[in-house]
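>>> I'll drop the sequence and a predicted model, then ask my questions.
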Amino acid sequence: MPPQQWRGKWSPSPECPSIPHMKITKIICQVLRVESVTEKTASCQDVALVRIVSDTGLEGIGEADASPEVVQAVIDAPFSHNIACGLRELLVGQDPLAIRRNWNRMYRGSMYFGRTSVTVAAMAAVDMALWDLAGKHYDAPIHQLLGGKQHDEIRAYASILFGADGNETADIGRRWVEAGYTAVKFGWEPMGTSEAVDIELAHGAREGLGDDAALLIDAGCVWDARTALRRAEAFAEFDVEWLEEPLHQADVDGYAWLRDRSPVPIAAGEGECGRESFRPLIDRHALDVYQVDLSRNGFTDAAYVRDRVEEIGARLCNHCYTSPITVAASAHWLSTCRDAFLIEDCVEDEPLRNELTLERVQAVDGMISVPDGPGLGVTLNEDFVQAHLVSESQ
């Protein structure tokens, strides 16, 4: 006799009562911006802040590192059809604790305009807020929900832009060593101007740091693979911990070629949004260090990337050049990584970096402690939010 087929909807019996679920009632997207945005490569001058509210009154917060107004449009977009829908339309009414299901719902519902770019960054902000809300619901830090931390604190590197020349770069290096950092990263312009300028900047950085501090160089996607190899060979004498983003982000073949030949470790990944974006780099073993930005990947896909990178024996680091929300998220995630060895600590003096939360998440004596409060473990400074609010949608 064939098994009885299930027909219709399940309904609970008195002996098996239904389990009440929370529901998402609001997804708020706030664009914040400092008073004067200057022309430089720094994403701590504005932010897309996402706040998710449940019918129990709990609120989770998250942020995306992308153009805030574009992120807001992804969240606000109305229903177009089943695979082209704004994130708010997809999630209001859903259970906020069903985090992976919500990720899949967003991914499926935005297939026609997402998959590996700003849509996934917007999803990351929502995902971060959902994990924060879940941590508050369970009265547990996010690292515990991710499987438990393996590090209580992580060595921080001061992340800062190059000076105008070698001498100014040396002065910057001395400043942050004196502030207690044992590792400093210099990045972006004027790196890539010429071979002479590039070597002058690297020499100045090492001079400023002295012999003991770790030197990291972020080229800012300025070279082709053969030029990058020549620079890596030249930089090797300065004992560089890694050379970051020497090539354009999409040049997976170039990264695989360079990584096999470079005398210094190659790092990249900060611009990748989600597992589909990271997969070609991981499959090709194209990097020595995979840099994951929680505000472009969320905890859900960052956990996938962590497991894949650990599987191939490479190293993991975070990328973070925004607010303490992502610093806290990075610390939670990185603390669950087996071989976490450095955490990026943006030291640019920007209000969003220092005042968006009541808690300051920054290195003390060169180390960042992993938050242990519920969820992200940080609290919004509501006065600061209102003072820098450009637009809000919900």
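The structure has been received and is ready for your questions.

>>> State the helix or strand in which the nearest residue to Asp165 once chain neighbours are set aside lies.
Nearest non-adjacent residue to Asp165, counting by C-beta to C-beta, 6 or more residues apart in numbering: Glu200, 6.5 Å away. Any C-beta I mention is one placed from the backbone N, CA and C, and that applies to glycine too. Element membership for Glu200, per DSSP states H and E: helix 195-209.

>>> What's the first helix or strand after that helix?
strand 214-218.

>>> Send over that following strand as PDB, restricted to the C-alpha atoms.
Taking C-alpha atoms only, strand 214-218 is exported to PDB below (Å, rounded to 0.1, in the frame of the first residue of the first chain):
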ATOM      1  CA  ALA A 214      54.900  44.800  10.100                       C
ATOM      2  CA  LEU A 215      54.600  46.800   6.800                       C
ATOM      3  CA  LEU A 216      51.600  46.200   4.600                       C
ATOM      4  CA  ILE A 217      51.200  48.000   1.200                       C
ATOM      5  CA  ASP A 218      47.800  48.600  -0.500                       C
END
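
>>> Start at 56, not 1
Fine by me, first position is 56 from now on; the one you just mentioned is strand 269-273.

>>> any idea of the angle that strand forms with helix 250-264?
For strand 269-273 against helix 250-264, the angle by axes from the mean of the first three to the mean of the last three C-alpha atoms, to 10 degrees is 150 degrees.

>>> Identify the residues contacting strand 269-273?
212, 237-243, 246, 257, 260-261, 264, 290, 293-300, 322, 397 (C-beta atoms under 8 Å, 6 or more residues apart in numbering).

>>> roughly how far is that strand from the heart of the chain?
19 Å (C-alpha atoms, centre = their mean, to the nearest Å).

>>> What pairs with it, parallel or antiparallel?
Strand pairing for strand 269-273, using DSSP bridges, gives strand 238-242 (parallel), strand 295-299 (parallel).

>>> Restrict the last one to CA atoms and write it as CSV.
Put plainly, it is strand 295-299. As requested, C-alpha coordinates have been extracted for strand 295-299 and formatted as CSV (Å, rounded to 0.1, in the frame of the first residue of the first chain):
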residue,chain,number,x,y,z
VAL,A,295,56.5,43.6,3.2
GLU,A,296,53.9,41.5,5.1
TRP,A,297,51.6,41.6,2.0
LEU,A,298,51.0,43.5,-1.2
GLU,A,299,47.3,44.3,-1.5
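
>>> Show me what secondary structure element comes after it.
Next helix or strand after strand 295-299 toward the C-terminus (DSSP H and E): helix 307-316.

>>> Mind giving me the packing neighbours of that next one?
Where contact means 3 or more C-beta pairs under 8 Å, 6 or more residues apart in numbering; DSSP states H and E, helix 307-316 is packed against helix 280-290, strand 321-323, helix 330-338.

>>> of all the ones you listed, which lies closest to Thr391?
Nearest to Thr391, of all those, is helix 330-338, at 16.6 Å by C-beta to C-beta.

>>> Next, the angle helix 307-316 makes with the closest one.
Angle of helix 330-338 versus helix 307-316, following the same axes, to 10 degrees, is 30 degrees.

>>> buried residues in helix 330-338?
Within helix 330-338, the residues that qualify as buried by neighbour count (16 or more other C-beta atoms under 10 Å) are Arg330, Ser332, Phe333, Arg334, Leu336, Ile337.
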